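> predicted model and sequence below, questions to follow.
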Amino acid sequence: MNKQFEELRASELYCPKCGTAQPVRERLLLVLPHSELHDYRCTNCGESVGSREVKAPPVIPGPAMPKTQRMRKHPGRAG
(Lines give C-alpha, C1' and ligand atoms only; values in the text may rest on other atoms or scores of the structure.)
Protein backbone atom coordinates (compact mmCIF):
# COMPACT_ATOMS: atom_id res chain seq x y z
CA MET A 1 0.00 0.00 0.00
CA ASN A 2 1.27 3.47 -0.87
CA LYS A 3 2.11 5.45 2.30
CA GLN A 4 2.39 8.75 0.43
CA PHE A 5 -0.41 10.49 2.34
CA GLU A 6 0.08 8.90 5.75
CA GLU A 7 1.36 12.14 7.34
CA LEU A 8 -0.94 14.56 5.50
CA ARG A 9 -1.45 17.99 7.12
CA ALA A 10 -3.96 20.57 5.95
CA SER A 11 -2.84 24.10 5.08
CA GLU A 12 -6.29 25.39 4.03
CA LEU A 13 -9.79 24.18 4.90
CA TYR A 14 -13.29 25.47 4.24
CA CYS A 15 -14.53 27.70 7.06
CA PRO A 16 -18.35 27.84 7.33
CA LYS A 17 -18.19 31.10 9.28
CA CYS A 18 -16.06 32.88 6.62
CA GLY A 19 -17.79 31.08 3.75
CA THR A 20 -14.55 30.26 1.90
CA ALA A 21 -11.37 28.20 2.20
CA GLN A 22 -9.02 29.80 4.70
CA PRO A 23 -5.50 29.07 5.94
CA VAL A 24 -5.54 27.04 9.15
CA ARG A 25 -3.37 26.57 12.21
CA GLU A 26 -2.94 23.14 13.74
CA ARG A 27 -3.03 22.97 17.54
CA LEU A 28 -2.35 20.00 19.79
CA LEU A 29 -5.61 19.42 21.63
CA LEU A 30 -5.16 16.24 23.65
CA VAL A 31 -2.46 13.64 24.27
CA LEU A 32 -3.73 10.10 24.87
CA PRO A 33 -1.72 6.91 25.54
CA HIS A 34 -2.39 5.60 22.02
CA SER A 35 -2.70 8.84 20.00
CA GLU A 36 -2.68 12.64 19.84
CA LEU A 37 -5.67 14.76 18.81
CA HIS A 38 -4.99 17.94 16.81
CA ASP A 39 -7.47 20.71 16.05
CA TYR A 40 -7.46 22.90 12.92
CA ARG A 41 -8.55 26.54 13.42
CA CYS A 42 -9.27 29.21 10.82
CA THR A 43 -6.58 31.91 10.93
CA ASN A 44 -9.15 34.56 9.99
CA CYS A 45 -11.91 34.02 12.59
CA GLY A 46 -10.56 31.31 14.94
CA GLU A 47 -13.40 28.85 14.20
CA SER A 48 -12.58 25.14 14.61
CA VAL A 49 -12.81 23.70 11.08
CA GLY A 50 -11.40 20.19 11.45
CA SER A 51 -9.27 17.77 13.38
CA ARG A 52 -6.86 14.91 12.91
CA GLU A 53 -5.69 12.01 15.04
CA VAL A 54 -2.04 10.96 15.05
CA LYS A 55 -1.68 7.38 16.23
CA ALA A 56 1.39 6.47 18.26
CA PRO A 57 3.67 3.85 16.77
CA PRO A 58 3.44 0.43 18.44
CA VAL A 59 5.77 0.04 21.40
CA ILE A 60 8.40 -2.62 20.81
CA PRO A 61 9.85 -3.80 24.10
CA GLY A 62 13.61 -3.60 24.19
CA PRO A 63 16.02 -5.81 26.10
CA ALA A 64 15.67 -5.57 29.86
CA MET A 65 18.41 -3.71 31.68
CA PRO A 66 20.38 -5.72 34.25
CA LYS A 67 19.22 -5.10 37.81
CA THR A 68 22.61 -3.62 38.73
CA GLN A 69 22.15 -0.80 36.18
CA ARG A 70 18.57 -0.07 37.21
CA MET A 71 19.25 0.09 40.95
CA ARG A 72 22.70 1.72 40.89
CA LYS A 73 23.14 4.24 43.70
CA HIS A 74 25.33 7.29 43.39
CA PRO A 75 28.31 7.42 45.78
CA GLY A 76 28.01 10.02 48.47
CA ARG A 77 24.20 10.28 48.29
CA ALA A 78 21.90 9.19 51.07
CA GLY A 79 19.12 6.75 50.36
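It's in. Residues are numbered from 1 along each chain as shown.
> does residue 41 have beta-bridge partners, and which?
Beta bridges link residue 41 to residue 25, residue 48 when assigned by DSSP bridges.
> around it, how many other residues sit close by?
Neighbours of residue 41 under the rule other Cβ atoms under 10 Å: 18. Quick note: C-beta positions are derived from backbone N, CA and C, even for glycine.
> OK, contacts around it?
24, 25, 27, 47, 48, 49 (Cβ atoms under 8 Å, 6 or more residues apart in numbering).
> hmm, the second one is touching residue 40, no?
When you say that, I think you mean residue 25. Yes: using Cβ atoms under 8 Å, residue 25 makes contact with residue 40 at a distance of 7.2 Å.
> any quick PyMOL command for the buried ones out of the contacts of residue 41?
Buried subset of the contacts of residue 41, written as a PyMOL selection, criterion 16 or more other Cβ atoms under 10 Å:
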select buried, resi 24+49
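> now the contacts of residue 41 in JSON lines, with distance to residue 14 and pLDDT?
Below are the contacts of residue 41 laid out as JSON lines (distance: Cβ to Cβ, whole Å; pLDDT from 0 to 100):
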{"residue": "24", "distance to residue 14": "10", "pLDDT": "97"}
{"residue": "25", "distance to residue 14": "15", "pLDDT": "96"}
{"residue": "27", "distance to residue 14": "18", "pLDDT": "95"}
{"residue": "47", "distance to residue 14": "11", "pLDDT": "96"}
{"residue": "48", "distance to residue 14": "12", "pLDDT": "96"}
{"residue": "49", "distance to residue 14": "7", "pLDDT": "96"}
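> and the furthest pair within the contacts of residue 41?
Farthest pair in the contacts of residue 41 (Cβ to Cβ) is 27 and 47. Separation: 12.8 Å.
> can you map out the strands along this structure?
For the chain, the strands defined by DSSP state E cover 12-15, 20-31, 35-42, 48-55.
> poorly predicted segments of the protein, please.
1-2, 5-6, 59, 62, 64-79 (pLDDT under 70).
> give me the most central residue, it.
The centroid of the chain falls nearest to residue 36 when counting by Cα atoms, centre = their mean (4.1 Å).
> thanks a lot, catch you later.
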